[in-house]
Each structure stands twice: as structure tokens, then as C-alpha cells.
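# Give me a model of this one.
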Amino acid sequence: MSAPDSFVETLRRYWGYSCFRPGQEAIVRSIAAGRDTCVVMPTGGGKSLCYQLPAAMDPRHTAVVISPLIALMQDQVAQLGRMGIAAAFVNSSQAFAEREEIIRRAARGEYRLLYLSPESATQAATLDWVSKIPVSSFVIDEAHCISEWGHEFRPEYRELNRLRIRFPNCHVSAFTASATKRVRHDIVQQLGLRDPFRHIASFHRKNLRYVAKETNSRNQGGMLLQAVRHVEDGSVIIYVPTIARVGETVAFLESNGIKAIGYHGKMESAERKAAQEKWMVDEVRVIVCTIAFGLGINKPSVRSVIHLALPKGLEQYYQEAGRAGRDGLPAECILLWRKGDAGTLAYFIKQISDQQEQDRAWRRYYDIRDYAESNECRPMRICKHFGETPKWGRCETCDNCSGVPDWLGEETGNAAKEGPAGRRAAAVGAAGTAPAGLSPALRESLRQWRIKVAKEKSVAAFVVMHDTTLDDLCLKKPRDLEELRQVSGFGEKKTQLYGDQVLALIREDAGPRPLLAPIGGFQYSGGS
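Okay, the predicted model is just below:
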């Protein structure tokens, strides 16, 4: 393991960042020192870097990461590869020969990180070949799934305590974005963590604005249109309660000039994958989905998450809404609910035969109803739910602190349903607008190049370049590779991969644009 003072050097070399986010360095040092670790850090806080960086610094060992979704594994491995960090995953999507080759290479210690699913990680055959790998540590992602008190309890996670028994000399780290005090205790106990370093970040994400509005069948559609049209740049996730509502909502949006794509659990696997990929590479910026879409989704540039019904509980809502604004920029979390949602939830809770599980479901039901109907500061209520007592009194941004945004008023929502204004082409699905002071033409040129590269490589657009990196490029306009390395997000490998292409686009934008012959009394330049 490299000396501790090389942490920032490693961060700069691979990630292209000059400093850690709050809390990251202490977690990195704990893991690098070989200590069990339990981390609760909201979505967008940079959890993955906390275990990826120590692994990147250890050339002789492999960190095994237990991750619940194939898509998440693929994104993270692709991202690590483009940073120059050797990583791989083994899962059911691969051909037998491909899996065997990865296992052979893993046994030779070629990977710094190896991703497995929780279902696979506890199988005897998997444990046998993992025992031949020079494993330093195990990382349990989405660790709240191990607790029956959590909102996404998965029985297969309970079996992960076998890792402690089979590999007693390896340290274990658990990461989650949403865990109450009771769930945190359960995580430590179930995984057998030994005197773990604990990092519990604040559950208040200052860049998110929470809005909850009771609607009805007459005005919900109009409010949805206004909420989507308010997003001029970036992506939107719309959660609906049923598969039928997915198709209905997509059709409604498209009839109002907004390009959207659907996603739900009953779609064929290939169809689901195609829908997700179109959204991830920014071909389509609005996705309408059931809760089948979400766990592990880590697209940074989601500007709005809209729920069209009450979720089953506040923890579920916090995690789903928290997929907005992972890049730290302002984003909206909008809950447009109806009175009938509560009745639907109550009906299904009554069908639960296990009394303990029904009691837990009722508890979640009252939590989300209280959140939706309360006049209390919404981030404050969320923080209290997770056992945090904030020192501040009001966030000054949610609807209860600063009022419902003008663009989401009921009258505005009704007006948007009909007439020419309701049918106009929406901003979402168009190129979007560049932040103040940046060249819109250069930003759009870089965005189109990013989409092209992402499609060619079959990776998410953010794997190629985050929006924050794109904006920093437009601001600094580097002239050579040395200046490019000063752009946030450009580490050594990414500079090597994309440097020449990016610099060519910047030079093209800066070049002269000759005037053409006058057309109808106006001068037309060759720009867009």
C-alpha cells in the first residue's frame, strides 16, 4: 500500500480531482488501514470513490465489491477502465468462456476491483474460486438491503455474513445512502463488522429542492408538464405506481411534444436494457418508470425526479428522489400525489399475511403520509427520520419554507393541459442551455461528441465525461494537454484517451467564422 500522503496524488492521477469531498478522505484512510468500515452517505456524496481509491493504490491485492445490479457493475467497471484502473465483473450476463477468463486473471491478481452480485457471492462454487484471489477486502454496496427493517430487504444479503467466516483476515466495508439508526445497527451486526470506523454524513443535501403537492385527476397532468418543461438541461426521472401508468404517461408526454421512454419490470430484458442505454447516453432525456428502475442508477446529471404517486415509505422516497443532483448542482424532487394513493397503499398493506412485516409496512405508510401532508421543513423531516438532529431550523428552499414554485401552481398546471401553450415543443429533449458565461455552441459540440463516444463504447454518457467536467472545459478552454490536465475530471488516462479529440473541438469553436452573403437584408454567420 502506498504512503498515506499519496492519497491526493492518486485522486489527481486517476480521477482528475485536486481535493476530496467532505468525509471522503477519512473513509479512504480507514479502508486503506485495513479497518472494517460502515458508511452512510447520501447519493451523490462520492461513496464509490471511497473504496475504489484504496484499491487502486494496492498493486498486490483485489477488493471484491458486492453490487446488486448488473447495469451498475458495468458502468463502474467501464468508468474505472477509462481511468486506468484494472477492474472486472462476473455475472450471469456473460458467456461461460468470458467468466472463466476473468476468474483466471483474477487469480493472478490482475484486477484492483472485482464486482459480484450478492446472489453469486455466497454460492459455494464462487467462494471456492474467490479464495484463490489475493483479496484484501470485501465491499458491500447498498448495504441497507441486509436489514429486514430497511425498505429494500433482500434475503440473499443475509447470507453475506459467510464472507466474514470464510475470509476472517479480510476487512469488510458497508456502504449505503439510506439507513435509519436501527438499520445501521442491523448492518453492523449482520455483517459481523469488528469495531468499525463509522461515517454517518448529514442526510440534508443542500442542492435539492423538495416539493410535495396534492393533486387530482384534473390538474396532475398539467403540473407534470410544467415540472418537466422547467428542466432546460439534464435528465428527468418520472416514477409512476403501475406498469399501465408507464405507457399512459409516455404517451401523454409525447402528445405534448416531450420525447420520453418507458421502463418497467415486465419488459423483455433486451428492451429494458435498450431503454436504459438510450437514457444513459442522453438520446432520450426523460424516462418514465416503476420502482423496477433505480437501485444503483448513478447518472450525475438528473435535474428532476418526479413521483406521480405516494411511495411505500419515506426511506424509499429519499433514495429515489436522491437520484437527482448527484453532480452537486441544483435539482428538484417533486412529489405530485393524490388522496387515492393512500387508499391504494393501505389496501396492499392489508394483504400482507406476516404480522411483523405488515406492522413495518404500516409504519412506513404513516411516515410517507406525514411527510406529504406536513407543513414542516421537508429536509428537516427527512433528517429527523434518519436519526439526525440538524442545527439549522429551515432549509429555505423546499415548498414549506419558501412556497410552491410559481411554475408549479395549480392554475399554471391546469392551463398547461390545453391550448397552443400546452402543445409547444418542450425544452427537455432539445439541446438544453449552457450555464451563464459559457459558449452554448462549444458545449453542444462537446455534448454531441460525448453522445457519439458513449454509443460507440456502449457506456453511459457520464462515463465519458460528467456535465461538471464539460462545463469546466467550456470555462477554461485548454489549449494543450498540459492545460487539459487542469480541468476537473481529466486524470492521466482520460487525457490520453480523449485529449486530442477534445482539444480539436475547442480549437474548432475558437476558429474564425466567415460571413456569408447577405440573405434578405441580414448577415448570416456559419454558426448555429
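
# Which neighbouring elements make contact with the helix or strand harbouring residue 359?
Per DSSP states H and E, residue 359 falls inside helix 355-373. Helices and strands touching helix 355-373, by 3 or more Cβ pairs under 8 Å, 6 or more residues apart in numbering; DSSP states H and E, are strand 208-214, helix 314-321, helix 339-350, helix 378-385. Placement of C-beta: from N, CA and C, glycine included.

# same thing but at 10 Å, please
Helix 355-373 sits against strand 208-214, helix 314-321, strand 331-337, helix 339-350, helix 378-385, with contacts defined as 3 or more Cβ pairs under 10 Å, 6 or more residues apart in numbering; DSSP states H and E.

# And the residue nearest the centre of this structure?
Nearest to the geometric centre of the chain sits residue 298, at 2.3 Å (Cα atoms, centre = their mean).

# in this protein, which spans are strands?
Secondary structure of the chain by DSSP state E: the strands cover 37-40, 62-66, 87-90, 113-116, 135-140, 171-176, 197-200, 208-214, 235-239, 261-263, 286-289, 302-307, 331-337.

# Rebuild those as CSV, extending it with mean pLDDT and distance to residue 146.
Compiled in CSV, the strands of the chain are given as follows (pLDDT from 0 to 100; distance: least, Cβ to Cβ, whole Å):
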stretch, mean pLDDT, distance to residue 146
strand 37-40, 96, 11
strand 62-66, 97, 10
strand 87-90, 96, 21
strand 113-116, 97, 15
strand 135-140, 96, 7
strand 171-176, 95, 8
strand 197-200, 95, 16
strand 208-214, 96, 26
strand 235-239, 95, 24
strand 261-263, 94, 26
strand 286-289, 95, 25
strand 302-307, 96, 25
strand 331-337, 96, 26
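
# of those strands, which approaches residue 376 most closely?
For residue 376, the closest of the strands of the chain is strand 208-214, at 11.1 Å, according to Cβ to Cβ.

# Okay, now the unreliable bits of the stretch 101-250 of the chain?
Residues of the stretch 101-250 of the chain meeting the criterion pLDDT under 70: none.

# Let me see the contact set for the residue nearest to the centre of the chain.
43-44, 47-48, 69, 71-72, 75-76, 79, 280, 323, 326, 460, 462-463 (Cβ atoms under 10 Å, 6 or more residues apart in numbering).

# Show me which pair in those is furthest apart.
Farthest apart among the contacts of residue 298 by Cβ to Cβ are 47 and 280. That separation is 19.3 Å.

# and the two? which has more neighbours close in?
residue 47 (26 against 23; other Cβ atoms under 10 Å).

# thinking again about what came up before, could you check the angle helix 339-350 makes with the helix holding residue 359?
170 degrees (axes from the mean of the first three to the mean of the last three Cα atoms, to 10 degrees).

# Could you list the buried residues of helix 355-373?
Within helix 355-373, the residues that qualify as buried are 360-361, 364-365, 367-369, 371-372, counting by 16 or more other Cβ atoms under 10 Å.

# Repeat that for stretch 163-179.
163-164, 167, 170-179.

# Which one of the residues you listed is nearest to residue 132?
Residue 132 lies nearest to residue 167 out of the buried residues of stretch 163-179, by Cβ to Cβ, at 11.9 Å.

# Show the contacting residues for the closest one.
With Cβ under 10 Å, 6+ apart, residue 167 has these contacts: 64, 127, 130-131, 135, 137-138.

# Could you report the separation of it from residue 215?
Distance, residue 167 to residue 215, by Cβ to Cβ, to the nearest Å: 51 Å.

# can you check residue 356 too?
34 Å.

# Report the separation between residue 72 and residue 10.
On the measure of Cβ to Cβ, residue 72 and residue 10 end up 23 Å apart.

# what ranges do the helices span in the stretch 351-500 of the chain?
Ranges of helices within the stretch 351-500 of the chain are 355-373, 378-385, 399-402, 410-415, 419-423, 440-457, 461-464, 467-476, 481-484, 492-510, based on DSSP state H, counting those that start in this stretch.

# Out of the ones you listed, which gets the lowest mean score?
Among the helices of the stretch 351-500 of the chain, helix 419-423 has the lowest mean pLDDT, at a mean of 32.

# Contact partners for the closest residue to residue 51 other than its chain neighbours?
Closest residue to residue 51 apart from its sequence neighbours, by Cβ to Cβ, 6 or more residues apart in numbering: residue 139 at 4.6 Å. By Cβ under 10 Å, 6+ apart, residue 139 lies in contact with 31, 37, 39, 47-48, 50-52, 54-55, 63-67, 113, 115, 171-175.

# Could you do residue 384 as well?
Here residue 384 is in contact with 203, 376-377, 390 (Cβ under 10 Å, 6+ apart).

# And those, which of them are buried?
Judged by 16+ other Cβ under 10 Å, buried ones among those: 203, 377, 390.

# Need those residues in TSV (columns: distance to residue 259).
Formatted as TSV, the buried ones among the contacts of residue 384 follow (distance: Cβ to Cβ, whole Å):
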residue	distance to residue 259
203	34
377	35
390	40
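
# Relative to residue 92, which of those is nearest.
Of all the buried ones among the contacts of residue 384, residue 92 sits closest to residue 203, with 34.2 Å by Cβ to Cβ.

# Hmm, the closest one is touching residue 390, no?
Yes. Between residue 203 and residue 390 there is a contact at 8.8 Å, judged by Cβ atoms under 10 Å.

# where do the contact lists of those two overlap?
With Cβ under 10 Å, 6+ apart as the test, residue 203 and residue 390 both reach 379, 382-384.

# And residue 141, how far from residue 173?
The gap separating residue 141 from residue 173 is 9 Å, by Cβ to Cβ.

# For those two, list the residues in contact with both.
47, 51, 65.

# about what we covered before: quick one: buried ones out of the shared contacts of residue 203 and residue 390?
Looks like the shared contacts of residue 203 and residue 390 have 379, 382-383 buried, using 16+ other Cβ under 10 Å.

# Distance to residue 26 for the residues you listed - can I get that in a markdown table?
Below are those laid out as a markdown table (distance: Cβ to Cβ, whole Å):
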| residue | distance to residue 26 |
| --- | --- |
| 379 | 24 |
| 382 | 24 |
| 383 | 21 |
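
# Understood, closing this out.
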